[in-house]
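# Here is the input, now give the coordinates:
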Amino acid sequence: MHLGGFHFFSGILFLACCMALTSFYVYAAYVICVACRKTYVEIKRRFYDFRNYLGTIGGVFSSVDEGGYQAGSVNPSRSFVVLVYAFMGGQGHPIAFEDPPPLFFLNQTFFKQSSLLIIFLISVVYGLQRTEWMGNENTHYKAKEYYVVGQVVFLHRKVMALALHPENILIRPYTVVQEAIYSRGVRYLPEEDGERFVWKNQWFLYLYSRKLVRPKGVGDNTIEPQMVQLLDRYWETMEGMETHGIADPEMKKRYAFGFPVLATYYALYQGHYTGALMNSGKILRKTDFLIGRNYRILHWLDQLEGSWKQSGLLSEIVKTYPNIAAIHQGTTLDVLQDVSLTIVLKGEFSCDHSMIERLHQEYINAMSDDPSKNYFLLYSKKNMRQAKVLYQSSVYGARGGAANYLLSHICGKKMPNEKFNISSPKDGLLTKFYSKKRVEFVFREELKPLLMSSEKQ
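The predicted structure follows:
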């Protein structure tokens, strides 16, 4: 295991910040629990007092001897009070409330024990990260001293983001530490190395990509500058990964696994560049720089699949991470559908166009019953629900209906039959392409040059 010199101690300082933050959060949670318990005890005490009071005014308790209260005759004029008393669990005699063992806000024993446990657990995670990233096969050891610490911080954010938005105020302190580690660590990476973009994807973009969440407050119908800024970060990261070499073989693998998810998020939300996501497709397909970016994404996805096959990584992805392969196939199909509509809109459509031929082949693969071609089918063996969502969205969505219209109605190409390997006949419309009339209505602007040409003929 290698050591990054002085940077080892710098990394330890960041690790100490992470430990301090975690200890603070754990103790804050303890204080909240104590406050809730005290509140509960006080409410329960008042409930007991009130119930005993009802018993007194209702005449349920009639005499007192040396042994305590004894049940007496009930005053019939106060039967309603007695009824309420009985409903509250009254037993005919007052019940003394017993305070539970006290808990104190200041608890040095809890603080010491929890802090020691946190230090131990974080140190174990840190040690495992050093074992993984500071070996002989790795590179840039000075930078890696920060990366291994950053991985520990990221684990905290990743777990918290399971329940919270990535921008939640509770996650923000860890994000600040993460940004400081990133800023410090990338200084020791060569400018020509794309590893910095792998860090950026994993630490700052993955939490959005994982559940396809957008920045807080972003909707479908309004212009959102923060969403455009996030999309710019996605594009910068994808471009950086693709135009820079990555020396560290393990980092190169992280890039291979992460790029399809980046491309999916960007392709799904790039309509925000037009001002609002809702009904943005027709504007997007007229915007030159977005059209160019779709072609580049398609090129990068093809390059990535080629590198999977060349390096032998495809067999590992297919076996262990079929979701990555399915996401890659779905995004490729989605981008091709957009490109095909752009070709029509620009008046360049031809059934012999390379992109139209490619689109047809992608449909054949996506609807095949051969798992070596249909990665949706492969993924369904591990997670049928998610595979079905991906498959139906890519194949039978609105753009899928438009693509089917172009391939079958306009070009007369034979579309593959639905074999229901992933979807079910019970899914109804989800396993049917949009009808000809509906496609011509929904995509009337994109199809206008084609429809006008048909009318002239």
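# Under the pLDDT cut-off, which ranges of the stretch 51-200 of the chain? List them.
Applying pLDDT under 70 to the stretch 51-200 of the chain picks out residues 51-100, 102.
# let's see it at 80
Residues of the stretch 51-200 of the chain that meet the criterion pLDDT under 80 lie in 51-106.
# Over to the stretch 351-457 of the chain?
424-434, 451-457.
# what ranges do the helices span in it?
Ranges of helices within the stretch 351-457 of the chain are 354-366, 375-380, 384-396, 398-404, 436-442, 448-456, based on DSSP state H, counting those that start in this stretch.
# Just after whichever strand or helix holds residue 148, pick out the following helix or strand.
Here residue 148 sits within helix 141-160, counting by DSSP states H and E. Following helix 141-160 in sequence order, the next helix or strand is helix 172-185 (DSSP H and E).
# got the CA coordinates for that next one in PDB?
Output of helix 172-185 as PDB, limited to C-alpha atoms (Å, rounded to 0.1, in the frame of the first residue of the first chain):
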ATOM      1  CA  ARG A 172     -25.200  20.200   3.300                       C
ATOM      2  CA  PRO A 173     -22.300  20.200   5.900                       C
ATOM      3  CA  TYR A 174     -21.000  16.900   4.400                       C
ATOM      4  CA  THR A 175     -21.300  18.400   0.900                       C
ATOM      5  CA  VAL A 176     -19.200  21.400   2.000                       C
ATOM      6  CA  VAL A 177     -16.500  19.000   3.300                       C
ATOM      7  CA  GLN A 178     -16.800  17.000   0.100                       C
ATOM      8  CA  GLU A 179     -16.300  20.100  -2.100                       C
ATOM      9  CA  ALA A 180     -13.200  21.100  -0.100                       C
ATOM     10  CA  ILE A 181     -11.700  17.600  -0.500                       C
ATOM     11  CA  TYR A 182     -12.500  17.700  -4.300                       C
ATOM     12  CA  SER A 183     -10.900  21.100  -4.700                       C
ATOM     13  CA  ARG A 184      -7.800  20.100  -2.800                       C
ATOM     14  CA  GLY A 185      -7.400  16.600  -4.400                       C
END
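# okay, the angle between it and helix 141-160?
160 degrees (axes from the mean of the first three to the mean of the last three C-alpha atoms, to 10 degrees).
# tell me what helix 172-185 is packed against?
Helix 172-185 sits against helix 6-57, helix 141-160, helix 195-200, with contacts defined as 3 or more C-beta pairs under 8 Å, 6 or more residues apart in numbering; DSSP states H and E. The C-beta positions use only the backbone N, C-alpha and C, and glycine is treated the same way.
# most tightly surrounded among these?
Of all those, helix 195-200 carries the top mean neighbour count, a mean of 24, counting by mean count of other C-beta atoms under 10 Å.
# next one: the very next helix or strand once past it to chain centre, how far?
Using DSSP H and E, the helix or strand that directly follows helix 195-200 along the chain is helix 206-209. Offset of helix 206-209 from its chain centre (C-alpha atoms, centre = their mean, to the nearest Å): 5 Å.
# circling back to that earlier point, of the helices of the stretch 351-457 of the chain, which is nearest residue 237?
Closest of the helices of the stretch 351-457 of the chain to residue 237 is helix 384-396, at 22.3 Å (criterion: C-beta to C-beta).
# List the buried residues for stretch 277-291?
277, 280, 281, 282, 284, 285, 290, 291 (16 or more other C-beta atoms under 10 Å).
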